[in-house]
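Engineer: sequence? don't have it. structure:
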Ligand SMILES: [Zn+2]
């Protein structure tokens with residue numbers, strides 16, 4: 001086997017393509033493979049597959065996997081045909097996708113690396129520009145989205161995530177398997193509504209539950225686009241408890257201002273203990289709370305109300321779930337603690353959606369998992385230069401997409 005046969009086999013070439021020449025360019029530090037097309041006659045139009053006459057050639061170069069220590073380039077004169085319907089058009093080659101400057105094998109290797117490392121690291125590793133690596137990622141996502149089958153989604157989780165400090169947000173929509181389906185701009189009504197508008201009617205009708213925070217924007221979008229929304233919207237437990245935690249914190253901060261000097265510092269130091277769930281309260285947190293509960297009595301009262309709310313998420317019947325929450329509400333609204341009363345009113349107004357979450361047993365746990373992984377991604381990438389790159393990166397890593405290029409049939 002000579003080097004021409006060897007590269008033909010490595011590149012999996014078949015007629016009309018063949019390797020014409022292989023050069024080791026030690027001066028330029030690369031291996032150059034020259035491929036030619038053996039057809040004298042007519043070629044198929046890549047769009048309509050009709051046999052068409054040749055028009056001319058275009059010289060092109062692709063980066064391929066390295067040959068040992070040498071970067072390897074494929075050179076070829078690619079015929080253009082003249083189709084009656086599609087005009088002058090370049091034919092497809094089996095080693096690369098249309099418009100890519102890299103072979104499919106090279107793109108697949110870069111995709112493997114992008115799964116493990118940041119764009120910066122991959123661009124250094126392959127001596128590629130940042131834009132080239134970014135282009136490979138964007139093509140991978142577009143490829144995955146194009147072949148994705150959105151047959152049925154039973155559960156949706158809607159969550160916001162910040163792109164940058166200073167209120168730059170995107171809305172993340174994920175499914176029951178914890179895979180990101182779509183990333184939309186901002187966290188407005190239109191953000192979620194435009195996702196609903198992009199779905200077919202049968203996909204929309206198949207959605208049984210939608211888990212979200214009590215954001216008026218997401219509620220309004222769902223009301224406008226989903227039938228029976230009042231039975232499908234589930235307000236996420238994590239967000240409800242987060243709002244209550246904020247209220248407890250406000251009560252603690254305001255109370256600290258009125259405490260004798262010697263108690264302010266211990267109350268400040270205990271700030272995270274008051275926000276822990278019962279399951280994560282360790283001995284040291286319990287000690288802090290019991291040492292302060294007779295001094296910071298407002299904080300202790302707010303904390304008890306919050307702890308009680310954490311225990312009433314486990315009902316099967318709407319009747320008992322509603323009854324438990326109304327009992328909680330009557331305590332919270334009479335607490336004489338303004339931040340708690342504000343949350344109590346909001347919970348009462350949205351109780352229908354909390355009850356849905358309880359009986360359907362739905363929450364944003366999967367979405368929160370994605371959220372924390374996105375935070376790791378942001379740290380690894382040291383921020384994202386623009387919104388589109390951020391969105392593309394989320395779909396690349398968490399979309400469950402088939403990202404790899406397929407072999408193009410000759
Ligand atoms: Zn055509």
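Structural biologist: On my side now, so go ahead. These numbers were taken from a predicted model, which means no experiment stands behind them. Residues are numbered from 1 along each chain as shown.
Engineer: any stretches of the chain with poor pLDDT?
Structural biologist: By pLDDT under 70, the weakly predicted segments of the chain are 39-41, 166-167, 407-410.
Engineer: please parse it into its domains.
Structural biologist: 3-95, 155-235+364-381, 237-360 (automatic domain parsing).
Engineer: write out the residues of the stretch 51-200 of the chain neighbouring the ion.
Structural biologist: When proximity is defined as C-beta under 5 Å from the ion, the stretch 51-200 of the chain approaches the ion at 83, 85, 86. Quick note: C-beta positions are derived from backbone N, CA and C, even for glycine.
Engineer: buried subset of those residues?
Structural biologist: By the neighbour-count criterion of 16 or more other C-beta atoms under 10 Å, those include these buried positions: residue 83.
Engineer: out of the residues of the stretch 51-200 of the chain next to the ion, who's nearest residue 401?
Structural biologist: For those, the residue nearest residue 401 by C-beta to C-beta is residue 86; the value is 28.9 Å.
Engineer: hmm, residue 48 and the closest one touching each other?
Structural biologist: Yes: here residue 86 reaches residue 48: they are 6.5 Å apart, a contact under C-beta atoms under 8 Å.
Engineer: is residue 290 within a helix or a strand, and which one?
Structural biologist: helix 283-292 (DSSP states H and E).
Engineer: in that helix, which residues are buried?
Structural biologist: Neighbour-count burial for helix 283-292 flags 285, 288, 289, 292 (criterion: 16+ other C-beta under 10 Å).
Engineer: again with stretch 205-212
Structural biologist: Within stretch 205-212, the residues scored as buried using 16+ other C-beta under 10 Å are 207, 208, 209, 210, 211, 212.
Engineer: next, format these as a markdown table and append secondary structure and distance to residue 386.
Structural biologist: A markdown table is the format used below for these (DSSP: H, G, I helix; E, B strand; the rest coil; distance: C-beta to C-beta, whole Å):
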| residue | secondary structure | distance to residue 386 |
| --- | --- | --- |
| 207 | coil | 31 |
| 208 | coil | 36 |
| 209 | strand | 33 |
| 210 | strand | 29 |
| 211 | strand | 29 |
| 212 | strand | 26 |
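Engineer: among those, which one lies nearest to residue 186?
Structural biologist: For these, the nearest to residue 186 is residue 212 (15.0 Å; C-beta to C-beta).
Engineer: surely that closest one touches residue 233?
Structural biologist: Yes: applying C-beta under 8 Å, one finds residue 212 in contact with residue 233, separated by 6.7 Å.
Engineer: shared neighbours, the two?
Structural biologist: Taking C-beta atoms under 8 Å, 6 or more residues apart in numbering as the contact rule, residue 212 and residue 233 both touch 219, 222.
Engineer: just the element for the residue lying closest to residue 54 once chain neighbours are set aside, please.
Structural biologist: For residue 54, ignoring the flanking residues on the chain, the nearest one in space by C-beta to C-beta, 6 or more residues apart in numbering is residue 79 at 5.2 Å. Here residue 79 sits within strand 70-83, counting by DSSP H and E.
Engineer: quick one: strands adjacent to that strand?
Structural biologist: Sheet pairing for strand 70-83, assigned by DSSP bridges, gives strand 30-37 (parallel), strand 54-67 (antiparallel), strand 87-90 (antiparallel).
Engineer: how about the helices in the stretch 251-400 of the chain?
Structural biologist: Secondary structure of the stretch 251-400 of the chain, counting by DSSP state H, counting those that start in this stretch: helices at 261-269, 283-292, 297-310, 318-333, 338-349, 351-360, 365-381, 387-398.
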